[in-house]
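Participant: For reference, the sequence and a predicted model appear below.
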Amino acid sequence: MSAPATAIRFNEVTLGYGRRPAVHHLNGAISAGSLTAVVGPNGAGKSTLLKGIVGTLKPLDGRIRLDGPSSEIAYLPQAAEIDRSFPLSVYDLVAMGLWSRSGLFGGISAKDRAKIEEALEAVGLIGFERRPISTLSGGQMQRALFARLLLQDAPVILLDEPFTAIDAKTTADLLDLVRRWHDESRTVVAVLHDLDMVRRVFPETLLIAREPVAWGDTLEVLSADNLLKARRMVEAHDPHAHVCQRGAA
Ligand SMILES: Nc1ncnc2c1ncn2[C@@H]1O[C@H](COP(=O)(O)OP(=O)(O)OP(=O)(O)O)[C@@H](O)[C@H]1O
């Protein structure tokens, strides 16, 4: 059997802010169609890694190669990074998912309208179309953002802590969509803190602590030894260190 195609490849990648590395020595690949969790302590560089994949953060060193243009990535940032005060209705927020395909001024066709309805129905938000997003609960907002992801119809989907502060019913509903994306052979990468959920749902895991600690089969990666190692590595990290010299002569 031939090896699965690669969706995202990392070659000795360093990502950081200014000259300070947040993630370094990242080598490896995410297979097309895989369902991968990214886990690690606070400050381990998980969000930084997703920003590197989306391209909002350019590597300080090394290369991230995507199998396809970056416009074909759907990205859900952490809730704290989303401006909820923006005057936008649920309908318009969800419709924005079509922009990457139809363009900003492409107009909304009858077919698009049907797709928007379908996405709203899939996340249980029928009846919320006219509601300003500022009036939504955290869980309702997350449902609306998942509807937008549905419309983006991207082969690669990145989710940054999608279930943080979300109740059990909403989490279960949105996890069903993640499973559906996986069944549709999309590549899904999610930053998560709930290790029980990772063990239950995500076959592959990248455990990161400023650099990869372990990567592969979830049950092997999430061993007590690896988790302890990750915690110690983040605690020992010097936040003021500049680009690392490891490997330098
Ligand atoms: N915009 C920024 N400017 C400077 N440093 C940053 C910036 N964003 C993140 N960092 C630093 O990079 C490091 C990694 O942060 P990152 O947010 O990627 O971690 P994380 O693993 O996602 O953490 P958490 O689980 O707390 O969300 C941290 O030390 C953080 O302070």
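Facilitator: Good, I have the coordinates.

Participant: What's the per-residue pLDDT of residue 82 here?
Facilitator: pLDDT for residue 82: 80.

Participant: That one: what's it in contact with?
Facilitator: Counting by CB atoms under 8 Å, 6 or more residues apart in numbering, residue 82 makes contact with 141, 145. C-beta: built from backbone N, CA, C; applies to glycine.

Participant: Quick check: nearest residue in space to residue 48, chain neighbours excluded?
Facilitator: Closest residue to residue 48 apart from its sequence neighbours, by CB to CB, 6 or more residues apart in numbering: residue 22 at 4.3 Å.

Participant: pretty sure the one you found contacts residue 40?
Facilitator: No: counting by CB atoms under 8 Å, residue 22 stays clear of residue 40, with 11.5 Å between them.

Participant: Which one's more surrounded, these two?
Facilitator: residue 40 (25 against 22; other CB atoms under 10 Å).

Participant: and the residue nearest to residue 48, that's in a strand?
Facilitator: Yes: judged by DSSP: H, G, I helix; E, B strand; the rest coil, residue 22 forms part of a strand.

Participant: For stretch 122-131, buried residues please.
Facilitator: Within stretch 122-131, the residues scored as buried using 16 or more other CB atoms under 10 Å are 122-125, 128, 131.

Participant: Any figure for the gap between the residue nearest to residue 48 and residue 208?
Facilitator: Distance, residue 22 to residue 208, using CB to CB, to the nearest Å: 10 Å.

Participant: Quick check: neighbours shared by the two?
Facilitator: Common neighbours of residue 22 and residue 208 are listed as residue 45 (criterion: CB under 8 Å, 6+ apart).

Participant: buried stuff in stretch 224-238?
Facilitator: Across stretch 224-238, burial judged by 16+ other CB under 10 Å covers 226-227, 230, 233-234, 237.

Participant: any idea how far that stretch is from the chain center?
Facilitator: Centre-to-centre, stretch 224-238 and its host chain are 23 Å apart (CA atoms, centre = their mean, to the nearest Å).

Participant: And the ligand, is that stretch touching that?
Facilitator: No: using CB under 6 Å from any ligand atom, stretch 224-238 stays clear of the ligand, coming no nearer than 7.8 Å.

Participant: hang on, residue 122 packs against residue 148?
Facilitator: No: judged on CB under 8 Å, residue 122 makes no contact with residue 148 at a distance of 11.5 Å.
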